[in-house]
Structure formats: C-alpha cells, structure tokens
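> With the sequence up front, the predicted model follows.
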Amino acid sequence: MDKKQNYFSAKMASKSTDDLEAIIANKKQYQQDAIQAAIWELESRGNSVLTRQSIPVDKTSNKESLIASSSKSPVDPNAPELYPKWSIWVISALFNPVAGGIMMVMNMRRIGKKNAFLVLLSFTVSYTLLMFVVTNSVFGTNSRSLIYFLNFIGAVVLSEGFWNKYIGKKQEYKSRSTLVPFAVTIGITILMLWAMFSAVT
C-alpha cells in the first residue's frame, strides 16, 4: 500500500520522532494537514500508539489543500526566536535607532551571524555619534525635526537594509516578546525628559 501523503509530508519526513510527537501534542499551533502528515509519518515508522489520534482527512482537492497550506504555513518549531521586523522599525522611529540596533544585534547573535553582528554594532555606534554631533549643531524647532528625520532613516536602514541582507525576507522565525525593550526604552526616555526639564528649571 502506498504511503499516505499531503502537502506537509515531505517536511514531516525530515523531522525526528520527538519533533513529530511535539507537533501532535500541540494541535492548536498547527494546521490540520500538518498534524495529519505528522501522524502518517509516525505510523510509517511503526508507531501504532498514535493511530487512535488520527484526525479525519481533509476531503478538499490537492490543489485547494496546496493553496490553503501556502497561505498560512505553520512556523517550524526549531525556528529561531527573534524580535520581529515591525518592532525594530517602530522603536527606532519613535524613540532612537540605538534601541532598534540593540534588538537587531540580539537577533544576529541568535542566528549565529558573527560577521553581521560586528557590522551592525559598528553601524549603531557610528550612527549614534553622528546623530549626537548633527543634532547638537542645530537648535530650536529645527533640532526636533532633524531628530525625527534621523530616527526615520535609522529605522529604515535597520528594518529593511540589515534585516533583508543578513536575516532575509523568507527567514522563518518565532516572534520574541517586545515588552522588555519597549518598557526599557520608554523608561529611559522618561528619565531623560525629566532630567532635561529639571536642568531647565
């Protein structure tokens, strides 16, 4: 008898038995076809314990199944956990590219790209010094406008330039919580504003 297969079967065949059992145990995180493929793969390896957990096979055509699967593919459980691109753009544009640069540096460390880590660290330090020199040479309302403009440029370079070059648009990853970096950045910003206000008064 031919082995049962669907769109996810090739991907499941490359996974270990432990990974397949983890997928089946966390059904809410995966599509029905992915779970069924995991069950079929375990059965083909002689694991009969999970046979009772089989779910009804989706009766849509292979073409429809392929379209549905490609529109919403589950994230690989072994994918790295990274700060998402949108969060790096937002925190850099609204607050400071330094914060976004630190988040990108942490992403680079998680995917093991040491060369990119050094390049990104150099950019973050250089861009911070450039912002300090430029903004301190301009005063008044123009200074605030310039800061917003430089923040925007830094956000684009980090979220589009560095991300696309070193991480890639097609990189699969699990979103890491952005609560801590946003909370720390907001806290530092409040302290800086308080210090500036106290110095003026």
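Arrived safely.

> and the gap between the residue most central in space within the chain and Ser159?
Note on the chain: the residue nearest the mean C-alpha position is Pro84, at 3.5 Å, using C-alpha atoms, centre = their mean. As judged by C-beta to C-beta, to the nearest Å, Pro84 and Ser159 stand 10 Å apart. Yep, even glycine has a C-beta here, placed from its N, CA and C like the rest.

> same check, this time on Val125
Where Ser159 is concerned, Val125 sits at a distance of 18 Å (C-beta to C-beta).

> Check Arg45 too.
42 Å.

> tell me which helix or strand of this structure sits lowest on mean pLDDT?
helix 62-71 (a mean of 47; mean pLDDT, DSSP states H and E).

> Report the residue ranges of every domain in the protein.
9-71, 81-200 (automatic domain parsing).

> Between these, which has the poorest mean confidence score?
Among those, domain 9-71 carries the lowest mean pLDDT, at a mean of 68.

> ranges for the strands of this structure?
81-82, 174-175 (DSSP state E).

> Just name whatever secondary elements the first one is in contact with.
This points to strand 81-82. When contacts are defined as 3 or more C-beta pairs under 8 Å, 6 or more residues apart in numbering; DSSP states H and E, strand 81-82 sits against helix 97-111, strand 174-175.

> Which of Arg45 and Ser159 has more residues huddled nearby?
Ser159 (24 against 11; other C-beta atoms under 10 Å).

> Now do the helices in this protein.
With DSSP state H as the criterion, the chain has helices at 9-13, 17-25, 32-44, 62-71, 85-94, 97-111, 114-136, 141-156, 179-200.

> quick revisit: pretty sure the residue nearest to the centre of the chain contacts Lys174?
No: between Pro84 and Lys174 no contact is recorded; they are 9.6 Å apart, counting by C-beta atoms under 8 Å.

> which neighbours do those two share?
Counting by C-beta atoms under 8 Å, 6 or more residues apart in numbering, Pro84 and Lys174 have no shared contacts at all.

> Tell me how many other residues crowd Leu120.
20.

> give the contact list for it.
Applying C-beta under 8 Å, 6+ apart to Leu120 gives the contacts Gly101, Met104, Val105, Met108, Phe162, Tyr166.

> change it to 10 Å
Gly101, Ile102, Met104, Val105, Asn107, Met108, Lys113, Leu158, Phe162, Tyr166 (C-beta atoms under 10 Å, 6 or more residues apart in numbering).

> so Met103 makes contact with Ser87?
Yes: contact criterion C-beta atoms under 10 Å: Met103 and Ser87 qualify, at 7.0 Å.
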